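[1] Pasting the sequence and the predicted coordinates here, then a few questions.
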4 protein chains.
Amino acid sequence: MKKYVSVRGLLAMVLLLASFKGISQTKEKAKSYWPNGARLVISVSMQFETGGQPEGAESPFSGNPLPKGQPDLAADSWFRYGGKEGIYRMLDLWKKYDIKVTSHVVGQAAVKYPEVAKAIADQGHEIAAHGMTWDNQWNKSYADELSFVKKGIDTVEAITGKRGVGYNSNWLRRGPNTLKVLQELGFLYHIDDLSHDEPFITLVNGKRFVVIPYTLRNNDIVNIEGKHWSPDQFLNQLKLEFDQLYKEGATKRRMMSVSFHDRIGGSPAVVNVMEQFIKYTKTKPGVVYMRKDDIARLVQNDPNTPIDNSEEQYNK
Amino acid sequence: MKKYVSVRGLLAMVLLLASFKGISQTKEKAKSYWPNGARLVISVSMQFETGGQPEGAESPFSGNPLPKGQPDLAADSWFRYGGKEGIYRMLDLWKKYDIKVTSHVVGQAAVKYPEVAKAIADQGHEIAAHGMTWDNQWNKSYADELSFVKKGIDTVEAITGKRGVGYNSNWLRRGPNTLKVLQELGFLYHIDDLSHDEPFITLVNGKRFVVIPYTLRNNDIVNIEGKHWSPDQFLNQLKLEFDQLYKEGATKRRMMSVSFHDRIGGSPAVVNVMEQFIKYTKTKPGVVYMRKDDIARLVQNDPNTPIDNSEEQYNK
Amino acid sequence: MKKYVSVRGLLAMVLLLASFKGISQTKEKAKSYWPNGARLVISVSMQFETGGQPEGAESPFSGNPLPKGQPDLAADSWFRYGGKEGIYRMLDLWKKYDIKVTSHVVGQAAVKYPEVAKAIADQGHEIAAHGMTWDNQWNKSYADELSFVKKGIDTVEAITGKRGVGYNSNWLRRGPNTLKVLQELGFLYHIDDLSHDEPFITLVNGKRFVVIPYTLRNNDIVNIEGKHWSPDQFLNQLKLEFDQLYKEGATKRRMMSVSFHDRIGGSPAVVNVMEQFIKYTKTKPGVVYMRKDDIARLVQNDPNTPIDNSEEQYNK
Amino acid sequence: MKKYVSVRGLLAMVLLLASFKGISQTKEKAKSYWPNGARLVISVSMQFETGGQPEGAESPFSGNPLPKGQPDLAADSWFRYGGKEGIYRMLDLWKKYDIKVTSHVVGQAAVKYPEVAKAIADQGHEIAAHGMTWDNQWNKSYADELSFVKKGIDTVEAITGKRGVGYNSNWLRRGPNTLKVLQELGFLYHIDDLSHDEPFITLVNGKRFVVIPYTLRNNDIVNIEGKHWSPDQFLNQLKLEFDQLYKEGATKRRMMSVSFHDRIGGSPAVVNVMEQFIKYTKTKPGVVYMRKDDIARLVQNDPNTPIDNSEEQYNK
């Protein structure tokens, strides 16, 4: 467990924040909701899942599934795009703007595409956990769930050298035992919660567990069917959300979550609009892009972090 | 019942209208369709429902429901956003522009989040009724429906100190007895009608009952699935609708209904575009934002208010 | 039958075309694809159907239908909007720009809202046929279909004084006998065909029958669910379609079909964008808005009108 | 087989590339990812399928299918648009900009509309194969699949004089034997793969087979239901995708696939936005539009072409 509390994350974060143009010297320092006077933290997810999908997994083809046992070669090739083009294209974008993201990596995806998983890790992004395969987690027994999660992080660690401390369940759907399982395995945070626009603490067995809220709004998954949508709509959504949260960041702690999936967000048009969005946010002082583990360590023991025990019935 | 006919509403309305920049002195006064020469009344709904939702209630997750009895923690957290962030963000917006809205509050939502219900009431917004829980109303017996509605207003009144005089059924779907039930309980108006762009009267047991038409068009509920939509489309819809109704307001009585739900309209991007919309409307003379109870009292005995007895068969 | 060949239509059309700003004097007269040098004919449909809908008819509520026999008062009010607001708002628009449209009127709609049907007729719009009720036509026997269609035109004629000569089947879905039925009843044209961007002739029992193609693209029905769409998208669609057809109109005969339904197209935002579209088209020379009966009479015996017998197997 | 290796394609390509404005003289020649210094190759598909569709084939009507055996005349007319208007409108566009496209032609479509198939061939576009009818291919035996594919190319060749060397399966859904079947029949490439943004090689029975990746993103098929979409969204998608791929083309080989279907992409508004897109791309140096057979011949033996054997299990 010790290695999870290494100072690497904190150090990276401090360096990152230090790169601000003197914000900490402004008058606003009188009250800062994030360290070093940051006004809005943006945290990007880049889920790497391709290769772990089960037969019939959601895709533009899944509305018309093939019979069980029949390989769906076209759908498979749609998924493969994530490993062949999508992740690499996004990595190039993050590199260009020196942004570190959080990548929830499915165990089987790393097994299938170890070079992709390693590339993510090697470029300094957070390797977080996303289960061993694409499988329902809410219906597992405590023991099975623990084994499933553990196998995922062990597998990904063996490949990337990084052990995840943050968790994302399949389709966000954890079960009543999930947080206890995560705590037992030494996880620091999970993201399967949509209830806040800032990180918070929830008590699990009486101990503090960090929740870094996720998003369905600023999430390329809205386009999983591949239709009724255009990337300019996504850009509009991102900018409108950002402008509001940035405004609110002047008087309270705010975090913006943005999420991509290898085979969707990695397409040329989505990366294009994400670059436009990054450029847009870079024109505003006090905007920081952070990995979720770094955020979690920041807020874990911060008295300013709200506590929300709405799920107390499951976590005690 | 007496308290429902208090002069508070009328007073507030008169004061509100008096704040117009001298419109009542213009030539248009020759024929006014609203008091004090107002040209277009906009009425905003801010439904507070979270906490009252049943298992499997409509959300971005409901297309793929979990088995009965299985808690859907991700979906629950999506709803919770309404009570944790959504309502407060909208309250800030209404305050900034001194707008009073109508909040149809589900009984169980107020029980679950009393501080939210109280905040709405304390800031001068109308607390209106929306049933005790999210439950079908169209299939209840007269007695059950009366009890259901009464329990809702009693519950919300006990928490907020305000007794609703306006009603909104679950998904607008009232039954043949609903208006009679509402009349028996002393309600002044309901909103579950989409047939007009202005308030009207319908006769229930021969007595005047006010209908303040609702909207599916200017309603964030169109985005309940969370996809195939972007908030800039909502802004376009609002502006296009406003421009037309404002134009028509020169020659007839027109009302624009806009509706939000805690967990959808309370998201940053929707509040952002709603603020843009408010600013846009504020540039036009004669635009008034009003609570629905205030509108209902205005029009209830006004001979200019049209009477529509299309549902006569149910209401006699 | 005689009255269908009255010169009223031809006269109106000639007068309409004569109002062009001297187009017939331009060089382009060398080859005209429409009389008097018109370059593009736009034909607007304004379907009047409300009041004739069956239980559970398609609406924003029909995705979640109530049990058979249960009145859906909210859905009913959504439909009622067409008769209370929608048609009148559209009539005002057509009047403002001196446009005559074609209104396919369901028999039961005219029975339920005779004042609406009469208003359409009295303002000089074409009263065309749309069946007696909203009912499948493709599954009727020849005799039943004939009776159904005849009852519809008789009913509407009794109310409006106008006998339809053009036909639109429920959801465009005619059966193999429909054209023969229409011919027997003296109809001049039908619109239930999407195969061309110009009127054409098809032979029914060896005689010429006019087809005025309809549209699903420039049709407000795309928004019948009330979501995943904004009226500015409709305006974009209309303009993009117009620009292309107008360009093509220089070298071949082109017609643009636009369609509205009482309760959808009659909403403020759609009328707003339609007015913007009309203004846009009015800036181009040679654009004529025509009723479909006038178009049908124009092209019926014109040797330039193409003949398409793709459905020969049914029509002989 | 000999005729497939004729120099016509290579010649055309060389001539096409030679028309570039001196790009090959720039410094970038140091490293070219395409011959003659081209920076981005765009390949347009124009699928000709109408006439080959089975009963109930996907259309705006298929959400509400008629009973088996009942002709759906409205849906049929929607399809017919492709043969009557759509293909011709697109042919005019390609001619205007001197673009050669690839047309995957269903055998039955060519039988039904030989004049359309011939027009495509006569204007210099690639006639490629798309099966004999609209039929599932993934569930056929090797022998049946071979016969199905062969009948398609034989039929289309008999009508157009051109024998397809490229293949597109129904809904992209090939089966495990498809590539072996194609190889046996002498095909050069297939397009039913979405995994790359550039052509690649896959080994079939140890021999090189070209894959020219297709697209679901830049594909008019997203609008097959005819709603929740407007052509300006398509234009946005195309431009955003183009800008990104063009940028990437400076440092790696990139190809952009765009796809149209007779009855969808052939509508006025879509052709309008495609013309806008073509004009937009023509402002950038190094953009080349190419037929897929020409691309396949270019890359087939080029050592720069990547090899991807992800489907090795099926192809050996």
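    Arrived safely.
[2] So which elements touch the helix or strand harbouring residue A:295?
    Per DSSP states H and E, residue A:295 falls inside helix A:292-299. The elements that helix A:292-299 packs onto, with contact taken as 3 or more C-beta pairs under 8 Å, 6 or more residues apart in numbering or on different chains; DSSP states H and E, are helix A:8-18, strand A:40-47, strand A:126-129, strand A:166-167, strand A:189-190. In short, each C-beta sits where N, CA and C put it, glycine included.
[3] any idea of the pLDDT on residue A:63?
    For residue A:63, the model assigns a pLDDT of 89.
[4] returning to that earlier point: least reliable of the helices and strands packed on helix A:292-299 by average pLDDT, please.
    Within the helices and strands packed on helix A:292-299, the stretch with the lowest mean pLDDT is helix A:8-18, showing a mean of 43.
[5] just to revisit the earlier point, what's the angle between the helix holding residue A:295 and strand A:40-47?
    140 degrees (axes from the mean of the first three to the mean of the last three C-alpha atoms, to 10 degrees).
[6] got the CA positions of helix A:292-299 in CSV?
    Extracted C-alpha coordinates of helix A:292-299, given in CSV (Å, rounded to 0.1, in the frame of the first residue of the first chain):
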residue,chain,number,x,y,z
LYS,A,292,-7.8,12.3,-10.5
ASP,A,293,-5.3,10.6,-8.1
ASP,A,294,-3.6,14.0,-7.7
ILE,A,295,-7.0,15.6,-7.0
ALA,A,296,-7.9,12.8,-4.6
ARG,A,297,-4.7,13.3,-2.6
LEU,A,298,-5.3,17.0,-2.5
VAL,A,299,-8.8,16.9,-1.1
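[7] which SS class is the nearest residue to residue A:236 once chain neighbours are set aside?
    Counting by C-beta to C-beta, 6 or more residues apart in numbering or on different chains, residue B:232 is the residue found nearest to residue A:236 once chain neighbours are left out, at 4.4 Å. Following DSSP: H, G, I helix; E, B strand; the rest coil, the label given to residue B:232 is helix.
[8] give the contact list for residue B:232.
    By C-beta atoms under 8 Å, 6 or more residues apart in numbering or on different chains, the contact set of residue B:232 is A:233, A:236, A:240, B:273.
[9] Filter those residues down to just the ones in helices.
    Of the positions in the contacts of residue B:232, A:233, A:236, A:240, B:273 sit in helices, assigned by DSSP state H.
[10] Throw those residues into CSV and include distance to residue B:290 and pLDDT, thanks.
    CSV is the format used below for the ones in helices among the contacts of residue B:232 (distance: C-beta to C-beta, whole Å; pLDDT from 0 to 100):
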residue, distance to residue B:290, pLDDT
A:233, 33, 96
A:236, 30, 97
A:240, 27, 98
B:273, 21, 98
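[11] from those, which is closest to residue D:101?
    Checking the ones in helices among the contacts of residue B:232 against residue D:101 by C-beta to C-beta gives residue A:233 as the nearest, at 28.4 Å.
[12] surely the closest one meets residue B:234?
    No. Judged on C-beta atoms under 8 Å, residue A:233 makes no contact with residue B:234 at a distance of 11.4 Å.
[13] Show me where the stretch 1-150 of chain A has its helices.
    Shown for the stretch 1-150 of chain A, the helices assigned by DSSP state H, counting those that start in this stretch span residues A:8-18, A:73-81, A:87-96, A:107-112, A:114-122, A:142-160.
[14] out of those helices, nearest to chain D?
    Ranking these by proximity to chain D (C-beta to the nearest C-beta) places helix A:73-81 first, at 3.8 Å.
[15] what's the angle from the closest one to helix A:87-96?
    Using the same axes, to 10 degrees: helix A:73-81 against helix A:87-96 is 20 degrees.
[16] close to chain D, is helix A:73-81?
    Yes. Residues of helix A:73-81 are located near chain D by C-beta under 8 Å from any C-beta of the partner chain, namely A:73, A:74, A:76, A:77, A:78, A:80, A:81.
[17] what's the average pLDDT for that helix?
    Rounded mean pLDDT across helix A:73-81 is 98.
[18] Against which helices or strands is it packed?
    If contacts are counted by 3+ C-beta pairs under 8 Å, 6+ apart, helix A:73-81 sits against no helix or strand.
[19] how far is that helix from where the chain is centred?
    When distances are taken as C-alpha atoms, centre = their mean, to the nearest Å, helix A:73-81 is centred 23 Å away from the chain's centroid.
[20] Kindly report the same for stretch A:257-272.
    Relative to its chain's centre, stretch A:257-272 lies at 13 Å (C-alpha atoms, centre = their mean).
[21] Can you get me the start-to-end distance on it?
    Stretch A:257-272 has an end-to-end distance of 18 Å (criterion: C-alpha to C-alpha, to the nearest Å).
[22] average pLDDT for it?
    The model assigns stretch A:257-272 a mean pLDDT of 98.
[23] quick one: buried residues of stretch A:132-152?
    A:132, A:133, A:134, A:135, A:137, A:138, A:140, A:145, A:146, A:148, A:149, A:152 (16 or more other C-beta atoms under 10 Å in any protein chain shown).
[24] The residue nearest to residue A:312 when sequence neighbours are not counted: helix or strand, and which one exactly?
    Among residues not flanking residue A:312 along the chain, residue A:203 sits closest, at 7.2 Å (C-beta to C-beta, 6+ apart). Per DSSP H and E: residue A:203 is located in strand A:200-204.
[25] ok now do the most centrally placed residue in chain A, which residues does it touch?
    Centroid-nearest residue in chain A, with C-alpha atoms, centre = their mean: residue A:45, separated by 3.3 Å. Contact analysis of residue A:45 by C-beta under 8 Å, 6+ apart lists A:101, A:102, A:103, A:104, A:168, A:191, A:214, A:257, A:258, A:259, A:260, A:292.
[26] buried ones in stretch A:295-308?
    Neighbour-count burial for stretch A:295-308 flags A:295, A:296, A:297, A:298, A:299, A:305, A:308 (criterion: 16+ other C-beta under 10 Å).
[27] I'd like to know which of these is nearest to chain D.
    Looking across the buried residues of stretch A:295-308 and measuring by C-beta to the nearest C-beta, the closest to chain D is residue A:295, at 29.0 Å.
[28] In contact with that closest one, which residues?
    When contacts are counted by C-beta under 8 Å, 6+ apart, residue A:295 touches A:41, A:43, A:199, A:212, A:255.
[29] try residue A:168
    A:45, A:47, A:104, A:128, A:129, A:130, A:190, A:191, A:192, A:214.
[30] Could you tell me the model confidence score at it?
    Residue A:168 is given a pLDDT of 98.
[31] measure the nearest residue in space to it that is not next to it in sequence to residue A:131 for me?
    Spatial nearest neighbour of residue A:168, chain neighbours left out: residue A:104 (4.1 Å); criterion: C-beta to C-beta, 6+ apart. According to C-beta to C-beta, to the nearest Å, residue A:104 stands 9 Å off from residue A:131.
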